[in-house]
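Peer 1: 3D model of this:
(one chain, ligands or ions: 1)
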Amino acid sequence: MQRLGDVIPRPASVRPVTAASFTIIPGGTAVSAPPALEGVAAHLGLPLAPDGAITLALDDSLAAEAYRLEIAATGVTLAGGAPQGVFWGVQTLRQLGTVLPGGVIEDRPRYAFRGAMLDLARHFFTAAEIKAHVDLLVQFKINHLHLHLTDDQGWRLEIPGWPRLTEVSGGAGTGVDGAGPGFLTLAEYSDVVAYAAERFVTIVPEIDMPGHVNAVHVAYPELTADGQPVAPRTDAEVGYSSLVAGREETYAFVETVLKTVAAVTPGPYLHIGGDECLSTPPEDYRTFLDRVLPIPGRFGKSVIGWHEIATVDLPEDAIVQYWRIEPADDAVARAAASGRRVIVSPADRTYLDMKYDADTPLGLDWAGHLSVERAYDWDPAQRLPGVGEEAILGVEAPLWSETLRSVDDVRYLTLPRLPAVAEVAWSPQDGRDWQSFRERLAAFGPRWTAGGINFHRSPEIDWH
Ligand code: TNX
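Peer 2: Just a heads-up that it's a prediction; the model follows:
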């Protein structure tokens, strides 16, 4: 039997009762749940019955994402502030296995935004593959999936009225090194959104602008500065393409794209990129963002951008996503001081596409090597001078896909560092400890192996 606290992310409070335990009998033990929780109950994979020994309930004295799990010899009670709190409690139950140690877990997240990002532009992943990724993320209580839908190489979302975006730039050979093809139709995107929503995951769509747009210019040369045809690019350079700030056609295009994405995105955010605009003159960058940053608000969404956007005037509800390695950035501290919230994604702690060490066959190393311990052993509130706990909306672990070719590759870089970042984002800082984490993580090796889930057998962990 596992110990009650053998869960990732580590719960806020764990009180074991050593004598007691409850054993789930597959096919025998039933779950009782009110109608509002029947969808959540289904994730336990047990039958529903009014007198089930596992009781799910709502408790409005708890915060929406908080839950309380009580395990006694006679039964189990799981209460959450809202269905999502119960759902996170279900993830805890599933990690504990079938012989549940007795006691009480009271748990709630440190940050409201616990994110992962998948880059569909450099290498496309299908709707089915994205859904499988959602299944993996929710086990660690990640509640946002940021989809990087467009970049220099490819454009991965259907936009009615601009068919060449996906016909040309979602076509054969549009991934890095000629991988591909692929794009999501709006129906497929909506299917992913709905699947994620059933698991309390919010999709955050990103249309990267004004840089990272070579795929736009390949499809529509009339949007370039001189109207001349542009060659497709499948290398991994950045910073060479830009939408043209001084032309009205640019904003008609951007407006249509953001309106389309907003219409199929129930979540509150639209990410407009804004990173690495090395070929956009600073005045043009400002002109472009002054026009584009307010657009998501007109469609009822808050705008998110990579931290370069903090150099211009931001809407009040704009969110800045910090990705730099040391040293920190003054503009982000100024944005925080004026009330903007920050998503913390420092590349040297959260970029899942960094190699673990010099021997890692996949990934990049521009931000250094990212061991499991480095992904775990840091405090978001201590990372950025002037960006304290109140300014932080949450933490996200991006996975760029230049070197990825398969779901196995995604998992190799994601596991086991995503669980580390998930604990950074969920668990109270003062309860976190690398030694405890690596011991809890060791138990996942046999589970991933049994489930056919590829992962990196990091030598930092004494795998069971
Ligand atoms: C930087 S970080 C990028 C991406 C690359 C990534 C590779 C950021 C906002 N932009 O264009 O894919 O590095 O690690």
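Peer 1: And the helices in the stretch 101-250 of the chain?
Peer 2: 127-138, 164-169, 186-198, 214-219, 248-263 (DSSP state H, counting those that start in this stretch).
Peer 1: Of those, which is nearest the ligand?
Peer 2: The ligand lies closest, by Cβ to the nearest ligand atom, to one member of the helices of the stretch 101-250 of the chain: helix 214-219, at 12.0 Å. To be clear about C-beta, it is placed using only N, CA and C from the backbone, and glycine gets the same treatment.
Peer 1: Any part of that closest one near the ligand?
Peer 2: No - using Cβ under 6 Å from any ligand atom, helix 214-219 never reaches the ligand; the gap is at least 12.0 Å.
Peer 1: For that helix, name the packing helices and strands.
Peer 2: helix 164-169 (3 or more Cβ pairs under 8 Å, 6 or more residues apart in numbering; DSSP states H and E).
Peer 1: Show me what the helix it packs on is packed up against.
Peer 2: Using 3+ Cβ pairs under 8 Å, 6+ apart: helix 164-169 touches helix 214-219.
Peer 1: end-to-end on stretch 357-370?
Peer 2: 7 Å (Cα to Cα, to the nearest Å).
Peer 1: tell me the contacts of residue 218?
Peer 2: 168, 169, 230, 231, 232 (Cβ atoms under 8 Å, 6 or more residues apart in numbering).
Peer 1: near the ligand, which residues of the stretch 201-350 of the chain show up?
Peer 2: Close to the ligand, as judged by Cβ under 6 Å from any ligand atom, the stretch 201-350 of the chain has residues 238, 275, 276, 306, 323.
Peer 1: Give me the neighbour count for the residue nearest to the first one when sequence neighbours are not counted.
Peer 2: In this structure, residue 238 finds its nearest non-sequential neighbour in residue 276, 4.9 Å apart by Cβ to Cβ, 6 or more residues apart in numbering. Per other Cβ atoms under 10 Å, the neighbour tally for residue 276 reads 16.
Peer 1: Do a quick rundown of the strands in this structure.
Peer 2: Along the chain, the stretches classed as strands by DSSP state E are 13-23, 31-32, 54-58, 67-72, 75-80, 99-107, 113-119, 144-148, 202-209, 269-273, 302-306, 319-322, 341-344, 392-399.
Peer 1: Turn these into TSV, columns for mean pLDDT.
Peer 2: Shown next, in TSV, are those (pLDDT from 0 to 100):
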stretch	mean pLDDT
strand 13-23	95
strand 31-32	98
strand 54-58	98
strand 67-72	98
strand 75-80	98
strand 99-107	97
strand 113-119	99
strand 144-148	99
strand 202-209	99
strand 269-273	98
strand 302-306	98
strand 319-322	98
strand 341-344	98
strand 392-399	98
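Peer 1: Turn those strands into CSV, including mean neighbour count.
Peer 2: Shown next, in CSV, are the strands of the chain (neighbours: other Cβ atoms under 10 Å):
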stretch, mean neighbour count
strand 13-23, 14
strand 31-32, 21
strand 54-58, 20
strand 67-72, 22
strand 75-80, 22
strand 99-107, 19
strand 113-119, 26
strand 144-148, 25
strand 202-209, 24
strand 269-273, 25
strand 302-306, 24
strand 319-322, 26
strand 341-344, 26
strand 392-399, 24
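Peer 1: Lovely, talk soon.
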